[in-house]
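Colleague: I would like to see how this sequence folds:
(one chain, ligands or ions: 3)
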Amino acid sequence: MTQPVLKIRNLSKRFPVGGGRVVHAVNCVDLSIMPGETLGMVGESGSGKSTLGRVILRLLEPSEGSIEFDGQDITQLPKGQIRRLRRDMQMVFQDPWSALNPRMRIRDLIAEPIKLHVDLSRSERDDRTEDLARRVNLGSTYLNRYPANLSGGQLQRACIARAIATDPKLIVLDEPTSSLDLSVRAGILELLAEIREETKAAMLFISHDLGTVRMISDRIAVLYLGEVVEQGQTEALFETPAHPYTQALLSAHLPADPAFKVSRLVLEGEVPSPIALPTGCKFHTRCPVAIARCAREVPQAIQVPSGQQASCLRIPNGGNIIQRKEDV
Ligand SMILES: Nc1ncnc2c1ncn2[C@@H]1O[C@H](COP(=O)(O)OP(=O)(O)OP(=O)(O)O)[C@@H](O)[C@H]1O
Ligand code: SF4
Ligand SMILES: [Mg+2]
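Modeller: Ligands and ions are numbered 1, 2, ... in the order given. This next block holds a predicted model:
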């Protein structure tokens, strides 16, 4: 049986912020990604997406839980050995400007991971660098330039070339298009879809844009206050969202078309502070279908008929489905 390339269990990340206060950024997350699979991760700002992405790659230390990468438990692996693993697990960040050393030429930036991890002669490395630039559609004239002389879209292509330079098994992409102009976003997404087909690398694709995530992901995980509240196959999750929070997220994403049958569902109240997490179900302070026991009992993930796993106490009796005006 094929092994997942990534398997995380009960993973949590807390940040002490002084005065005895603690930010609970990621809470007891269980996730797996199979080889070649793209898992999309969505959630509002502050839901813990970037923190989780960084903890998975051990760019941040987990507070609890385990991370298995390619069959190896890397939770406690010493830093030196993690550095060697970077060949197989790479990251593309939201902001390509701060991800690249401004004093290095694009050629050297793309060649850097090859130099660190792959034993090649100088001319072989040069050939590979040029080949990578071609694969990300970055003209060879840009290779001798510095980051300041490239546009955001071109820089993100250079970051993607770096990320695939060592043929990694997993790439974590943290909002790779959200800092770019709308006009170049589609091109970068197309490139990522091509790269996915070509390299068969598994991807964790983080975004708060549901449309983007739907386009690129095989499966989706929805995060709320650092917890995965629902995960499942992309189409099942979009067609029949089970968790009330997923239903609200999807409804906010509906096209603004008056002919559209379903009314938008606007969540009331602020997202609670991750310093003082709500008791019971963490969504109960905003959930339109919350009942008294939601403030007391922590829901466990259960499988729904359409295949997703969702954590809501009301799933067994169907009370999880939010009735909208047009439905009743
Ligand atoms: N180094 C840190 N110290 C203290 N708190 C932090 C730190 N990094 C993140 N946080 C907090 O952890 C929570 C999760 O943050 P994170 O950046 O992971 O969210 P996100 O889902 O990526 O948000 P966004 O969509 O805005 O990028 C937030 O409340 C954030 O303020
Ligand atoms: S457990 Fe209760 S509060 Fe939480 S999502 Fe379900 S109905 Fe809403
Ligand atoms: Mg983020």
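Colleague: can you give me the helices for the stretch 101-250 of the chain?
Modeller: Taking DSSP state H, counting those that start in this stretch as the criterion, the stretch 101-250 of the chain contains helices spanning 106-117, 122-135, 152-164, 182-199, 210-216, 234-239, 244-252.
Colleague: which residues sit against the third one?
Modeller: By C-beta atoms under 8 Å, 6 or more residues apart in numbering, the list of residues contacting helix 152-164 from outside reads 90-93, 96-97, 99-100, 106, 109-110, 112-113, 132-133, 135-138, 142, 147, 150, 171, 176-177, 179-181, 184, 187-188, 191-192, 195, 199, 201. The C-beta positions use only the backbone N, C-alpha and C, and glycine is treated the same way.
Colleague: Residues of the stretch 151-300 of the chain that sit close to ligand 1?
Modeller: 208, 274 (C-beta under 6 Å from any ligand atom).
Colleague: where does the stretch 151-300 of the chain dip in pLDDT?
Modeller: Per-residue confidence for the stretch 151-300 of the chain (pLDDT under 70) gives these ranges: 254-263.
Colleague: about what we covered before: with mean neighbour count and distance to ligand 3 as added columns, please give the helices of the stretch 101-250 of the chain in CSV.
Modeller: Conversion of those to CSV gives the following (neighbours: other C-beta atoms under 10 Å; distance: least, C-beta to the ion, whole Å):
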stretch, mean neighbour count, distance to ligand 3
helix 106-117, 20, 23
helix 122-135, 15, 26
helix 152-164, 24, 16
helix 182-199, 15, 17
helix 210-216, 18, 14
helix 234-239, 17, 21
helix 244-252, 22, 16
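Colleague: Quick one: closest of those to residue 29.
Modeller: Taking C-beta to C-beta as the criterion, helix 244-252 is the member of those that comes nearest to residue 29, at 15.2 Å.
Colleague: quick one, what contacts the residue in the stretch 1-150 of the chain positioned nearest to ligand 3?
Modeller: With C-beta to the ion, the shortest gap between the stretch 1-150 of the chain and ligand 3 falls at residue 50, namely 3.1 Å. Remark: with contacts taken as C-beta under 8 Å, 6+ apart, residue 50 is in contact with 94, 174-175, 206.
Colleague: likewise residue 308?
Modeller: Contacts of residue 308 by C-beta under 8 Å, 6+ apart are 230-233, 236-237, 240-242.
Colleague: Break the protein down into its domains, please.
Modeller: If you go by automatic domain parsing, the domain ranges for the chain are 6-217, 242-327.
Colleague: Which one of those lies nearest to residue 223?
Modeller: Taking C-beta to C-beta as the criterion, domain 6-217 is the member of the domains of the chain that comes nearest to residue 223, at 3.4 Å.
Colleague: and this structure, which residues reach ligand 3?
Modeller: Proximity of the chain to ligand 3, by C-beta under 5 Å from the ion, involves residues 49-50.
Colleague: Of all residues in the chain, which one is nearest the centre?
Modeller: Relative to the mean C-alpha position of the chain, the nearest C-alpha, by C-alpha atoms, centre = their mean, is the one of residue 206, at 2.5 Å.
Colleague: and the closest residue to residue 277 other than its chain neighbours, what are its bridge partners?
Modeller: With C-beta to C-beta, 6 or more residues apart in numbering as the measure, residue 24 is the residue that lies nearest to residue 277, at 5.5 Å, once sequence neighbours are left out. For residue 24, the beta-bridge partners are residue 14 (DSSP bridges).
Colleague: what number of residues lie near residue 24?
Modeller: The burial metric for residue 24, expressed as a neighbour count using other C-beta atoms under 10 Å, is 21.
Colleague: which residues does it contact?
Modeller: For residue 24, the set of contacting residues under the criterion of C-beta under 8 Å, 6+ apart consists of 12, 14, 225-226, 274-275, 277.
Colleague: Try it again at 7 Å.
Modeller: When contacts are counted by C-beta atoms under 7 Å, 6 or more residues apart in numbering, residue 24 is found next to 14, 226, 274, 277.
Colleague: separation between it and residue 35?
Modeller: Remark: distance between residue 24 and residue 35 (C-beta to C-beta, to the nearest Å) = 31 Å.
Colleague: Then residue 277?
Modeller: Looking at residue 277 against residue 35, where the rule is C-beta to C-beta, the gap reads 34 Å.
Colleague: Likewise for residue 322?
Modeller: From residue 322 across to residue 35, the span is 36 Å (C-beta to C-beta).
Colleague: now do residue 218
Modeller: Taking C-beta to C-beta as the criterion, residue 218 is separated from residue 35 by 12 Å.
Colleague: Perfect, that will be all.
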